[in-house]
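1. coordinates only, no sequence provided:
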């Protein structure tokens, strides 16, 4: 019988680019259950797989509760776990597609505003102040900058 591969908290942290604190947090939430050797956590190959599922779920926007539901089904039935994950992932696709539409619309609006501003700035007369107005504005700006520096010290 071969000994199962185990991992330290540092090894999993490095491999998955997460902090040890994150792994302890997932443990506190019941998502991971490493064995103990004194104060040291010993993660199994199964824990490593669960961490992959956790991080994948987080990446696509699943809540920790949803991820825990998927992980808990593994104890009962892998088929049930797969069906639950499939349903959650399908729901996320619908939500992400809606977000993509919102983002595309926001980008369109911002690009239009950029165009308007660039057009205004291309006009040599845009926002031009007289010499006296410009000097007054510069003095006011300098006074405000001085006041903020003094307040900061």
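-> Yep, that arrived. The model shown is predicted, which means the values in this text are computed figures rather than measured ones.
2. and residue 44, its phi and psi?
-> Here is the backbone geometry of residue 44 (degrees, to the nearest 10): phi -90, psi 170.
3. show me where pLDDT drops low in this structure?
-> 1-3, 128-131 (pLDDT under 70).
4. element containing the residue located most distally from the centre of it, please.
-> Using C-alpha atoms, centre = their mean, the residue of the chain lying farthest from its centre is residue 132. It sits 49.3 Å away. Secondary structure from DSSP states H and E places residue 132 in helix 131-152.
5. what's that helix packed up against?
-> Helix 131-152 sits against no helix or strand, with contacts defined as 3 or more C-beta pairs under 8 Å, 6 or more residues apart in numbering; DSSP states H and E. In this view, the C-beta of every residue, glycine as well, is placed from N, C-alpha and C.
6. of all residues in the protein, which one is nearest the centre?
-> residue 59 (7.5 Å).
7. what about that residue, distance to residue 5?
-> Distance, residue 59 to residue 5, using C-beta to C-beta, to the nearest Å: 24 Å.
8. helices of this structure, start to end?
-> Secondary structure of the chain (DSSP state H): helices at 9-16, 20-28, 45-59, 64-76, 78-122, 131-152.
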